[in-house]
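Enquirer: I need the structure of the sequence given here:
(2 chains)
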Amino acid sequence: MLRDITLGQYYQTESVIHKLDPRVKLGGTLLYIISLFIFENIWGYLLAGLFLAIVIKLSKVPFRFMVRGMKAIVFLLLITVVFNLFLTPGEVLISFWKLKITKEGLRIAIFMAIRLSMLIIGSSVMTLTTTPNNLTDGMEKMLSPLKVFKVPVHEVAMMMSIALRFIPILLEETDKIMKAQIARGADFESGNLLKRAKALVPLLVPLFISAFRRANDLAMAMEARCYRGGEGRTKMKPLVYKKEDRLAYLVIAGYLVIKIVIGIIL
Amino acid sequence: MGIIKADDVTFEYIRRDEEGNVEGITTAVDHVSLDIKKGQFIAILGHNGSGKSTLAKHMNAILYPTEGTLWVDGMDTKEEEHVWEIRQRAGMVFQNPDNQIIGQVVEEDVGFGPENMGIPSKEIWERVEESLRAVGMYEFRKHSPNKLSGGQKQRVSIAGVLAMHPQCIVLDEPTAMLDPNGRKEVIRAIRGLNDVEGITVILITHYMEEIIYADKVFVMDKGAIAMEGTPREIFSQVEKLKELRLDVPQVTMLAYELKKKGMNLPDGILTTKELIDALRI
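Expert: Model prediction:
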C-alpha cells in the first residue's frame, strides 16, 4: 500500500546514534565531509574510514542500507573517475590510441572515488538514523541565527515538514486519480516517452488542483489554530543537548584533530 | 450576552471578472441574529449552499461580516487586536480530516495549537495528554495520522482544538466525509465534551440524526435562519423541513406518516424508543 511507505530512508532501531540530537548529527556530518577534503594521504583516509566504520557499527543499521544510497551516484562516480583518470596531465603509465593514463591521474581518481563514497555513506548514516521530522527541527534550530539576516528559517522548516506530511496523502491521491483515469480508458503504460509524458497531463491537472485546494484548507486550519509564524512560538519537543550529545561533539572534535595532525605530519 | 452573539450579520461574496469588475454579489449570510449561551449544544442545519459554513467561519474570525456585528465572548470579531484571542476561545474543526492535521505524529499535531500560543513545553505535554484522553485517542499518540481511520483523524483534530482550552468549539460538518461508524465515534466524542467538560458546542451538519442531542437547532436556508427551536420543535414540522429539502430521521418520518393516517401520536418523535413507547399506550 502506498500509505505505508516510509519517508526519506529512516531505519527504525534503537541505538546511540539514533538518540543523538539532530544538530549533533547534522554538524558532525558536515565536519566529516570537510575532513574528507582536507589533506590527501592514505593514513588520513584510513582514519576517516575507521571512524565511519565505528559510527556505522554503533548505529546498528545494516551496511547494505548504506550501500543502497551509493547506487544513485554510481554513474556520477564513474564519470569522475574516468575523467580524472584520462585527463590529468603528468607521467604516463599506460597509453593506447589517443588515451593515456598518468600516475597523477590514477592517484587522483582513486582518492576521488574513496572520498565520494565515504561522503555518500557518511551522509546516509545521518539520514538513516534521523527521522525527517527531527532533521527539519535540527536544521531550523541550527540555522536560526540567520534570522538576523531576514532569512525565513522557521517558514522554510515549516514548509518542509508540511511537505513531508502531505507526500503520502498526495501519493494516495495520485493513485486514486490514475485508477479513475484508467477506468475511463486512459493509457499510461504504452507508447514512446513523449506519448507517455502527454498521457500524464490528465493526471497532473487534477492532482495540482486538489493540492491547491488542500493547501487552502490547511492554511485556514492553521490560522484557526492561532498559527502566526515563528514569532512567540514555543516547542512541544524542544531540542536540548544531553550528556551524550556533548560527548559526541568531543568525539568529532577529537577525530578532526587527529585527522589534521596526521595530515600535517605525514 | 452569550458566548457567541450575532447581530444582524450579513456576508456577501463578491465575484469579479478578470479585470476586477464586480460581476455579481452572492449573499451567503443574510441578516442572521443569534445568541448562544455558554455550555449549550447548538446544531446548525441546512442543505448545501445554505450559508451554514460561511456563518461558522465568522465565529472563528476567519471571515468578517460585511454588515452587522458578531461577538465572541464579548469581543467584536472585526477588531484586529482580538483575532488570536477569539481563535483560541472559539476553536474550529473542519470537514476534511486530512487537510487540518499539521503534525506528522498524533501528539505533535495536538501540540500545534498550544505551541502557537506560546505555552511552555511542560504544560503543552499536559494539555496534549488531557485532550487526547478526552477524545479517547491517547493510545494512538505516537501514531502517524496517515494510518488512522477518518473518525480517528477527526477526533485528533478535535483534541487539537481542545488543547487550546477553548470555551466553545465550532465544528463545520465534521462527519461529512466519514463512514457511519466514524460518524458515531465523532458525535460521541463531541457529546462527551459538552456533557463532561461543559464546552459550548456548535455543530454544523446536514445529518438529521446528529442534531437530536442538541439543546437548540437553527435551520438555515438561503443564508437566513428559517427555523429555530429544540429538536422536537423542529421535527414536528415535517412539511416545512421537506420544503427546505432536508431529510427527517426515519423514525420521525414513520411517526409522521402514521399520524397522518389517523393514529394518535405526539409530534416530533426523535428516537425509536420514543415511538415504541408512544405506540404502547
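Enquirer: near chain B, which residues of chain A show up?
Expert: Contact residues (CB under 8 Å from any CB of the partner chain) of chain A with chain B: A:3-4, A:132-133, A:161-162, A:164-165, A:168-169, A:214, A:217-218, A:220-228, A:232-238. For every residue, glycine as well, the C-beta is placed using N, CA and C.
Enquirer: among those, name the ones in strands.
Expert: Assigned to strands by DSSP state E, none of the residues of chain A next to chain B qualify.
Enquirer: just the buried ones from those?
Expert: A:132-133, A:161-162, A:164-165, A:168-169, A:214, A:217-218, A:220-227, A:233-234, A:236-237 (16 or more other CB atoms under 10 Å in any protein chain shown).
Enquirer: ok, the spatially closest residue to residue A:59 that is not a sequence neighbour - how many residues close by?
Expert: Excluding its sequence neighbours, the residue lying closest to residue A:59 (CB to CB, 6 or more residues apart in numbering or on different chains) is residue A:17, at 4.0 Å. Residues contacting residue A:17 under the criterion other CB atoms under 10 Å in any protein chain shown number 23.
Enquirer: quick check: which element contains residue A:17?
Expert: helix A:16-19 (DSSP states H and E).
Enquirer: that older thread, got the contact list for the residue nearest to residue A:59?
Expert: A:25, A:55, A:58-60, A:125, A:129 (CB atoms under 8 Å, 6 or more residues apart in numbering or on different chains).
Enquirer: repeat that for residue B:166.
Expert: B:88-91, B:199 are the contacts of residue B:166 under CB under 8 Å, 6+ apart.
Enquirer: take these and write them to CSV, including neighbour count, distance to chain A and pLDDT.
Expert: Shown next, in CSV, are the contacts of residue B:166 (neighbours: other CB atoms under 10 Å in any protein chain shown; distance: CB to the nearest CB, whole Å; pLDDT from 0 to 100):
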residue, neighbour count, distance to chain A, pLDDT
B:88, 19, 6, 90
B:89, 22, 11, 90
B:90, 28, 9, 90
B:91, 27, 7, 91
B:199, 22, 16, 91
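Enquirer: ok so, going back, just the pLDDT for the residue nearest to residue A:59.
Expert: pLDDT recorded at residue A:17 is 86.
Enquirer: state the distance from it to residue A:123.
Expert: Separation of residue A:17 from residue A:123 (CB to CB, to the nearest Å) stands at 13 Å.
Enquirer: what of residue A:176?
Expert: Taking CB to CB, one finds residue A:176 at 34 Å from residue A:123.
Enquirer: can you check residue B:42 too?
Expert: 55 Å.
Enquirer: again with residue A:104
Expert: For residue A:104, the distance to residue A:123 equals 28 Å [CB to CB].
Enquirer: tell me which of those two has more neighbours.
Expert: In this view residue A:104 and residue A:123 are compared by other CB under 10 Å, and residue A:123 has more residues nearby, 17 against 14.
Enquirer: and whatever helix or strand residue B:132 lives in, does that touch chain A?
Expert: Residue B:132 is located in helix B:121-134, with elements delineated by DSSP H and E. Yes. Against chain A, helix B:121-134 shows contacts by CB under 8 Å from any CB at B:121, B:124-125, B:128.
Enquirer: buried subset of the residues you listed?
Expert: Going by neighbour count (16+ other CB under 10 Å), the residues of helix B:121-134 next to chain A have B:124-125, B:128 buried.
Enquirer: need the residues you listed in JSON lines with pLDDT, can you?
Expert: Shown next, in JSON lines, are these (pLDDT from 0 to 100):
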{"residue": "B:124", "pLDDT": "93"}
{"residue": "B:125", "pLDDT": "93"}
{"residue": "B:128", "pLDDT": "94"}
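Enquirer: for the spatially most central residue of chain B, what are its contacts?
Expert: Centroid check for chain B by CA atoms, centre = their mean gives residue B:203 as the closest residue, at 2.1 Å. Applying CB under 8 Å, 6+ apart, we find residue B:203 in contact with B:41-44, B:171, B:174, B:190, B:210-211, B:214.
Enquirer: filter those residues to the buried ones?
Expert: For the contacts of residue B:203, buried by 16+ other CB under 10 Å: B:41-44, B:171, B:174, B:190, B:210-211, B:214.
Enquirer: just the ones in strands from the residues you listed, please.
Expert: When DSSP E defines the strands, the subset of these inside them is B:41-44, B:171.
Enquirer: ramachandran coordinates for the residue located most distally from the centre of chain A?
Expert: Centroid-distance maximum for chain A: residue A:97 at 40.7 Å, with CA atoms, centre = their mean. Backbone torsions of residue A:97, given as degrees, to the nearest 10, read phi 50, psi -130.
Enquirer: any idea where the strands of the chain begin and end?
Expert: You didn't say which chain, so I picked chain A. Counting by DSSP E, the segments of chain A that form strands are A:92-96, A:99-102.
Enquirer: my question was about chain B, not that one.
Expert: Applying DSSP E to chain B gives strands spanning B:4-16, B:22-36, B:41-45, B:67-72, B:75-76, B:90-93, B:168-172, B:200-205, B:216-221, B:224-229.
Enquirer: compare those strands and report which one is nearest to residue A:262.
Expert: Smallest distance to residue A:262 across the strands of chain B (CB to CB): 60.4 Å, for strand B:90-93.
Enquirer: which elements pack onto that closest one?
Expert: Judged by 3 or more CB pairs under 8 Å, 6 or more residues apart in numbering or on different chains; DSSP states H and E, strand B:90-93 is in contact with helix A:201-224, helix B:150-162, strand B:168-172.
Enquirer: look up how far residue A:123 lies from residue A:130.
Expert: Relative to residue A:123, residue A:130 is positioned 11 Å away (CB to CB).
Enquirer: re earlier: can you tell me which of the residues of helix B:121-134 next to chain A is closest to chain A?
Expert: residue B:124 (4.6 Å; CB to the nearest CB).
Enquirer: related to what we said a few turns ago, out of the contacts of residue B:203, who's nearest residue B:18?
Expert: Among the contacts of residue B:203, residue B:44 lies closest to residue B:18 (CB to CB), at 35.1 Å.
Enquirer: so who does the residue farthest from the centre of chain A touch?
Expert: If a contact means CB under 8 Å, 6+ apart, then residue A:97 has no contacts.
Enquirer: likewise for residue B:164?
Expert: Neighbours of residue B:164 in contact, by CB under 8 Å, 6+ apart: A:225-226, B:88, B:91, B:113-114, B:117.
Enquirer: kindly report the same for residue A:106.
Expert: A:85, A:93.
Enquirer: let's have the contacts of residue B:166 in CSV, adding distance to residue A:185.
Expert: What follows is the contacts of residue B:166, written out as CSV (distance: CB to CB, whole Å):
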residue, distance to residue A:185
B:88, 51
B:89, 53
B:90, 49
B:91, 46
B:199, 51
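Enquirer: name the nearest of these relative to residue A:71.
Expert: When the contacts of residue B:166 are compared against residue A:71 (criterion: CB to CB), the nearest one is residue B:91, at 47.9 Å.
Enquirer: state the number of residues packed around residue A:197.
Expert: 10.
Enquirer: my bad, should have said residue A:203
Expert: When neighbours are counted by other CB under 10 Å, residue A:203 registers 17.
Enquirer: same question, residue A:212
Expert: For residue A:212, the count of nearby residues is 10 (other CB under 10 Å).
Enquirer: and the gap between it and chain B?
Expert: 11 Å (CB to the nearest CB, to the nearest Å).
Enquirer: give me the pLDDT for that residue.
Expert: 93.
Enquirer: how about the one 3 residues further on?
Expert: Among the per-residue scores, residue A:215 shows a pLDDT of 92.
Enquirer: helices along chain A, start to end?
Expert: Ranges of helices in chain A, per DSSP state H, are A:16-19, A:22-37, A:42-59, A:63-71, A:74-87, A:103-129, A:132-143, A:153-183, A:193-199, A:201-224, A:243-265.
Enquirer: compute the inter-axis angle for the fourth one and helix A:42-59.
Expert: Put simply, helix A:63-71 runs at 120 degrees to helix A:42-59, going by axes from the mean of the first three to the mean of the last three CA atoms, to 10 degrees.
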